[in-house]
Structures are given as C-alpha cells and as structure tokens.
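> fold the following and give me the result.
(chains A and B)
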Amino acid sequence: MKRLLLSSLLVLSATPLLAGTGKFVIINNDPAGVGFNDPTPRTPVGGNPGTTLGQQRMNVLQQAAARWAAALDTNVDIRVRAQFNSLECDATSAVLASANSQTWSESFTNAPRPNVWYPAALANKFAGRDLNTATDDIFIQFNRDLDGPTCFGDRGFYYGLDTKEGDETSMFTTAMHEMAHGLGMSGRGSDFVSNKPSIFDIYTLDRAAGRTWDQLSTQQRQISGTNTSNLVWNGPNVTAKAAQTLERATVFTVTGPANVARNYDIGTASFGAAANRSAIAGTVVAARDAANEEGPTTLDGCTAYENASEVAGRIAIVDRGVCTFVVKAQQAQAAGATALVIVDNRKDTCLPPSMAGNSDVVTIPVISLTQDEGTALRNASSVNAMLRVDPSRFSGASPEGYVRLYAPCTFSGGSSLYHWDTPATPNLLMEPSINSDLIDSLDLSLFQMMDIGWTQPPRTGRRVLHR
Amino acid sequence: MSRRWFAVSAVLAASLALSAHAADPARSRNAELPLDETALRAMFDLAPGVVATEGGGTTVTGFTVDVVIARIGADGKIVTACVDTNEAAQKFLTAPIEKIAKPEAQQQ
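Numbers count the residues shown, from 1 in each chain, chains lettered A, B, ... in the order given. Below you'll find the predicted structure:
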C-alpha cells in the first residue's frame, strides 16, 4: 500500500536502457518543500542544471545512480529509498550521510553459494525477482541541515557534478561511495548472523592466519579486524585489476643488520624530492640535537644537529613531533643528510603518516615509518638501507598482490572493514575518507562488485527512474 | 499473526518511526553542543530480524550501516570518515583536533 501510494503521487522519468531489464529506481521519500523537494532557488553549478536546491540534490543522486547503473547488470529493479533528513551536526562536526542494504538474503532460489548472505539488490539479481517486496533494497540519507546557517559552519554539500568541490564535500562522490556500500561493499562485521558469512567475508583474507573470514571464529575475526596491513581482498577481479589501478609501491629496504633487514612501508611527504623518484642508499644515523625550547628531546630534530658530521652524506632518522615536518627536513638537509626518516610518535593507525607542508628549500626525500618499526631501526646499529620503487609491489596491496582492506589497529580516524586501505595510490572511491581528488571513477570498487557476483552489461547505460 | 508478518510489521514500524524522527523539523540544533551520542548510536543500531522465509531461504535486516561523518580539521579542511560502529564514530569525533587531520593534511 505504501509503495502504491508513493507510485501514484510521484512522477517517473528515465534515461535510456541498453542492457538488462532492471532499473535503478530512486524513491524520493521526502515530504513536500524539503530535502529533494526543497524549492529554494539555486544557481546551476558544476554541470548541475538544477535551479532549486531540491532539483540539484536529485540531479546529483540520479547521476551517481546512473554511474553505477551503467556498470552493473540485473533484470530486477534496484530500489533506492532516498531522503534528506535532519541529522546530527554542530559547528565543527556533522553526519553527512549514511547507507545500507536494507535486507540480506541467504539460500534463496539460484543463490550461487548456500548459507551465505547476499545484499538485497544482488540477491534479487540472482533470484530473478524481488525477494522482499515490502522493503526497498537500499536506504540512503543525507544531512539536509548541512545547507543551513548553523550546521558545520558554512560548509555545505557541493552539488556540482564536476568533482571541483574545493573546501566543501561533494554530494556526488559521497553518494557514489554510499551506494557502493548498499550494493555490496558491506556485511555484518565479525558477528555473523546465524553463524553464516556474508559474501564479503568469503573474499576477506587474513594473510597472517592464512584463512578467509568465513573460516575464522568470531573471536579470530575480531582480532583480524585490526590486523593492519594483513587483511586483504582476495577476489580474482580486484586482484587482476590492481596492477592497472595502483601505482608501484615505494619502499624503504633495509639490507642489514639481519634482525631488521626487510622492506618497510613508508609514508611520503608533499615537499622535498619525490620518494618514488629518489634512489637513495646509505647508512641510517640517528640525528641528535639540543633539548631546548624548540624541541624538548635530543631526538626530535627540530634544531641544528649536534652530530652533523656523522649525519652528513647519510640518511638521518628523527622522531615526529614538536615542530613541523618541513622544519625537520630543513635541519636534516642543513646537516648534509641525503634523506630524512621521521619516526611516528603515535600508534593510532599502525600506518606511517603522510606528511604535508610546503618548502622550496627542501630538496632531499623525506619519508615516515611507524613508531615500532622506526624505533627498531633507531635501536639497531649500522643499519644500511635504500629508498626505492619496488617493481613487484603496488601501493595499498600486499606482497602477493592482494588489495588491502582498512583494518586500523585502533578505531582512530574512522573505522570500517568495508573500505580499501589508505596507502592505496591514487586514492580510491572506497577508502574510509571521501577524498577530494577522486575523479568520476568506480575504480577497484567495480571489480569488488564483480567478485561478489555482479556482472557488467554488454554495453554501458541503464535506466534510472526517478519517482 | 504469523512470525513472518510480525517481523514485517516490526520492520516497517521501525522504519517509519526512524523516518518520522529524522524528518521532524522541531528537532533543535545547538551549534555549541557536541553531537548527540544517543542519536548517533541509533544510526548504527538497526534491530536484526527475519523479514521473510520461503523456499528454504531467509531474508533478514540488521546488517551494517555505513555512516559518513566529518569534522573541520585544525587547518580548516574537512576531514571525513566512513564508519560502521558507534565506537568508531565516537573515536573520530572525540579525537584531538590535530589527530583527525586527513593524512595529506598533517603538518607535524
């Protein structure tokens, strides 16, 4: 009845259908005058021709749906219930959006794997019919207060379609990201329903355990969820496309002494010589500076080195903190170091941090290491190392070529299993942050969909209905 | 009432209640207060339940909800995090401002 009422009240429009018979159906669940129906006049922006706030919002959602619709094939309508709601926010924090597959099904007719949960839209595709007509497949909501005067300062959604959001957040990218969660980049975490895995779990491999999540106990999965760098996606489509999508990894290779000899993941800097263009080799020397007001320890490298003669011509290593990365780099360069290694001073993510800053002066490469790894190198003697591009590895992928999943050793910085890991370069749509440098691409997320069972249409283009 | 229809009714009722709450224009906003933890928690706590059983298959609710939250970092740039638990959301929202900067934005 609810669905019939909605259908009778709302206008239907469509884009061309080129493959399959299913459509993306967007159900505008907002009441008159608000959200997708907000009549506030707006100037067209960034390729979005809408002249009201509501029109611009709907145009963005339709465009995001069209992007996914062109990539996925199904004969069953994908029903997306969408709303702009008043969600939590204050002057500096806000909920931007949320999404989920409203239902999950297992052991339905034509299910590829028995006793495995599939998200609604994918289950319907396999079943060839809507398995649950009482509930729409995907629910997606956005914060309508973001465009108001008090919520999140003056930072509203950007409704352009050209990914030129500047200091705002792109609703288009956010919608593409959230739809991916609704289509299958999701699951139930470590706590399975009825002790059955989701299709996502089938391809979630813990490298250290050598098992996928469906083969682990609940307790093992909880531990695995924070196994930084070792949780990967082993689906064949993503793995095959990783080399075409990700840049080759730049690594810090320690050749001796034996107890620390191996490749180390690094964070890179936005200033100085590009790490991936720097072939630096030499001995690693701990820099020592005065403990003073500019830096309270002798390891922070914030002031002129007292052992500059030892550092000259070698790779300096200092601690993170107190002063900026640029200041540390300037001190290392002034001492004659060929490169600078900065050891992280926190364990929030277990990943070496990327480093921002601007400097026309710094010309040496600057890299970071995690606290544990950097401390181990500092405490070792006569460490020989080289900074190099590893032709056999890709950024954000394991040595075996599996793309890493986000598994921070703590929950800091946002946490969800259903994202790619942050070292991936270039940035990917399904990293845990909505990055501002994304282009209109589904990148590896499309192939993650292929791995769980989605198929691509023989041609691009799928009907998107707006009700 | 059969188990199936009971479950369907419960899900619909919960869904409608959530929509009504979220769309209520009377909800007040205070720019000085932190985000309300109870409201945030409600976004993640979907009630699990069976909504259909037929042909040997089962359809349920209550899987993960992915929520995009944002803060304005110390450098004035927006930092986002997509989280699927209230604990992760709280960790992000309560972290010192200098620690929530986007990796590309960290200056020291």
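> which non-adjacent residue is nearest residue 37?
Since you didn't name a chain, this refers to chain A. Excluding the flanking residues, the one nearest A:Asn37 by Cβ to Cβ, 6 or more residues apart in numbering or on different chains is A:Gly54, at 4.7 Å. For the C-beta atoms, the positions are set from N, CA and C on the backbone; glycine is no exception.
> my question was about chain B, not that one.
Ranked by Cβ to Cβ, 6+ apart and with sequence neighbours excluded, the top spatial neighbour of B:Glu37 is B:Gln90, at 6.7 Å.
> what's the answer for A:Val254, then?
Nearest to A:Val254 is A:Ala385, by Cβ to Cβ, 6+ apart, at 4.6 Å.
> and for that neighbour, the neighbour number?
A:Ala385 has 24 neighbours, counted by other Cβ atoms under 10 Å in any protein chain shown.
> repeat that for the one 3 residues further on.
A:Arg388 is flanked by 18 other residues according to other Cβ under 10 Å.
> contacting residues around stretch A:218-233?
Outside stretch A:218-233, the residues that touch it by Cβ atoms under 8 Å, 6 or more residues apart in numbering or on different chains are A:189-192, A:203-209, A:213, A:216, A:239, A:265, A:349-351, A:397-398, A:400, A:402-405, A:407-410, A:417, A:420-421, A:448, A:451.
> which ones among these map onto strands?
Among the contacts of stretch A:218-233, the members found in strands (DSSP state E) are A:Thr204, A:Leu205, A:Asp206, A:Asp265, A:Val403, A:Arg404.
> pLDDT value on B:Ile72, please?
Note on B:Ile72: pLDDT of 88.
> check A:Pro119 too.
For A:Pro119, the model assigns a pLDDT of 98.
> for the stretch 251-400 of chain A, what spans make up the strands?
With strands called from DSSP state E, counting those that start in this stretch, the stretch 251-400 of chain A shows them at A:262-265, A:267-268, A:280-286, A:315-319, A:339-343, A:366-369, A:383-394.
> lowest average pLDDT across these?
strand A:267-268 (a mean of 87).
> from the chain's centre, how far out does it sit?
In terms of Cα atoms, centre = their mean, to the nearest Å, the gap separating the centre of strand A:267-268 from the centre of its chain is 17 Å.
> and it, which strands flank it?
strand A:366-369 (antiparallel) (DSSP bridges).
> for the strand it pairs with, output the C-alpha coordinates as CSV.
The C-alpha coordinates for strand A:366-369 follow below in CSV (Å, rounded to 0.1, in the frame of the first residue of the first chain):
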residue,chain,number,x,y,z
VAL,A,366,61.5,12.7,3.4
ILE,A,367,59.7,9.6,4.5
SER,A,368,58.0,8.3,7.6
LEU,A,369,57.9,5.0,9.4
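> could you list the residues in contact with it?
With contacts defined as Cβ under 8 Å, 6+ apart, strand A:366-369 is touched by A:252, A:264, A:266-269, A:271-272, A:275, A:320, A:325, A:328-329, A:332, A:339-344, A:352-355, A:374, A:377, A:387.
> could you give the mean pLDDT of stretch B:35-51?
Across stretch B:35-51, pLDDT averages out at 86.
> how long is that stretch end to end?
Between the start and the finish of stretch B:35-51 there is a gap of 32 Å, counting by Cα to Cα, to the nearest Å.
> now do stretch A:428-441
Using Cα to Cα, the gap from the first to the last residue of stretch A:428-441 comes to 9 Å.
> next one, pLDDT for residue 2 please.
No chain specified, so I'll use chain A. As predicted, A:Lys2 sits at a pLDDT of 42.
> nope, chain B
pLDDT for B:Ser2: 39.
> can you tell me how far A:Leu122 is from A:Ala70?
Separation of A:Leu122 from A:Ala70 (Cβ to Cβ, to the nearest Å): 17 Å.
> more neighbours: which of the two?
Using other Cβ under 10 Å, the more surrounded residue of A:Leu122 and A:Ala70 is A:Leu122, with 25 against 20.
> residue contacts, that one?
Neighbouring residues of A:Leu122 by Cβ under 8 Å, 6+ apart: A:Leu183, A:Gly184, A:Ile199, A:Ile452, A:Gly453, A:Trp454.
> keep only those of these that are in helices.
If you go by DSSP state H, the contacts of A:Leu122 have A:Leu183, A:Ile199, A:Ile452 in helices.
> surely the last one is in contact with A:Tyr203?
If I follow you right, that is A:Ile452. Yes - using Cβ atoms under 8 Å, A:Ile452 makes contact with A:Tyr203 at a distance of 7.2 Å.
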